[in-house]
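Chemist: Fold the following and give me the result.
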Amino acid sequence: MKKIAITTALLLSYPLLFAQDTTSVEGIGSSPELGKAADAPSDKAQVDSRYQEVIDAFSNLPEETRVEFLKKRNEASVLFQNKRIFEALEASRELIEIFPDDPQTINLRGACYVELRDFGKATEQFELSKAITGPSFNVMFNIAEVAFVAEKWKESLQGFKDTLELAPENATQMRRLVEFKIMLCEIALGKDSSLSEEERKQHTATAKEMSQRYDYTDDSPYYYYANAAINYAEDNDTEGLNWLNKGRRVYSANAQQLASWEDTMTEYGYIKSYYGNDKAHKEDELSE
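Modeler: Residues are numbered from 1 along each chain as shown. Here you go, the predicted structure:
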């Protein structure tokens, strides 16, 4: 199965809905079916009310059921993290049968569909999140990420801009990753032949400016990966690879921190996927 270079691990690392429990899978939605997502509440009061309803409904389940549900949900998330996607999807279906309104489970289903490149179903699941949690950082990130892997650059660009506005100021790692994705969208739009020459120039200039936004003192891989991407975009492949390798050396002791950046570059086509990818691989071209 083809690996999806998407930061799905992020989808499994946010604060959970049910504060009385200690598992950590942020979630979305309120339907056991994969039909059309429910319309999102139109204001915060409605969102808060729906959110509380779901919390109360879960709290009213028998304790034995809740304990078993949380155990199974943890197991499903482990299956997903180990790339056992079909098993994770089946496990999420069983969870939905127990408690259909758990947003964490529905989020997991969305992440599975992203891995399977069924972006329509993934988006349905992520949109369901708004019906419960409103447009939180997590939800907006997920939706923008689906547009990113589907190469809907305008939609993804706006989605990540909206996401960035919701990101806590002290969440440096997440903010930088979102900014990096915005930069990649700008690069793509700078090469979009459907846009006017002036529009393309503006996107390219913005990407260039963003690549120079931080330096080596920044507490994230942004400096290295942004410089790698801008050099690849300008067909300076050797220099792009040099920047990529610099970042890998600097963060060699923290492979987990680099995973989302590497996955993003893979999905964009700048790094070879070992699961196969039909995009051009700037990194691979140098070794051929």
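Chemist: Please, where are all the helices along this protein?
Modeler: 44-59, 63-81, 85-98, 103-115, 119-133, 137-149, 153-166, 172-189, 197-211, 222-233, 237-250, 255-268, 282-285 (DSSP state H).
Chemist: Just say which of these is most tucked in.
Modeler: helix 103-115 (a mean of 28; mean count of other Cβ atoms under 10 Å). All C-beta atoms are positioned from the backbone trio N, CA, C, and that covers glycine.
Chemist: rank the helices of the chain by pLDDT, which is bottom?
Modeler: Averaging pLDDT over each of the helices of the chain singles out helix 282-285 as the lowest, with a mean of 54.
Chemist: measure residue 187 to residue 226 for me?
Modeler: Counting by Cβ to Cβ, to the nearest Å, the separation of residue 187 from residue 226 is 10 Å.
Chemist: typo on my end, it should be residue 84
Modeler: As defined by Cβ to Cβ, residue 84 lies at a distance of 33 Å from residue 226.
Chemist: Now do the contacts for the nearest residue to residue 247 once chain neighbours are set aside.
Modeler: Counting by Cβ to Cβ, 6 or more residues apart in numbering, the nearest residue to residue 247 once its immediate chain neighbours are dropped is residue 224, at 2.9 Å. Counting by Cβ atoms under 8 Å, 6 or more residues apart in numbering, residue 224 touches 243, 244, 246, 247, 250.
Chemist: go with 6 Å
Modeler: Listed by Cβ atoms under 6 Å, 6 or more residues apart in numbering, the contact partners of residue 224 are 243, 246, 247.
Chemist: For the nearest residue to residue 79 once chain neighbours are set aside, which residues are in contact?
Modeler: Taking Cβ to Cβ, 6+ apart, and ignoring the residues beside it in sequence, residue 79 has residue 88 as its nearest neighbour in space, at 3.9 Å. The neighbourhood of residue 88, defined by Cβ under 6 Å, 6+ apart, consists of 76, 79, 80, 112.
Chemist: likewise residue 164?
Modeler: Listed by Cβ under 6 Å, 6+ apart, the contact partners of residue 164 are residue 178.
Chemist: quick one: the closest residue to residue 141 other than its chain neighbours and residue 145, what's the gap?
Modeler: Taking Cβ to Cβ, 6+ apart as the measure, residue 141 lies nearest to residue 163, with 4.9 Å between them; neighbours along the chain are not counted. Distance, residue 163 to residue 145, by Cβ to Cβ: 9 Å.
Chemist: cool, residue 136 as well?
Modeler: Counting by Cβ to Cβ, the separation of residue 136 from residue 145 is 14 Å.
Chemist: Equivalent analysis for residue 262, please.
Modeler: With the distance defined as Cβ to Cβ, residue 262 ends up 15 Å from residue 145.
Chemist: how's this structure carved up into domains?
Modeler: 1-150, 157-288 (automatic domain parsing).
Chemist: On the pLDDT front, check residue 33 for me.
Modeler: 28.
Chemist: And the one 4 residues further on, by the same measure?
Modeler: The pLDDT attached to residue 37 in the predicted structure is 33.
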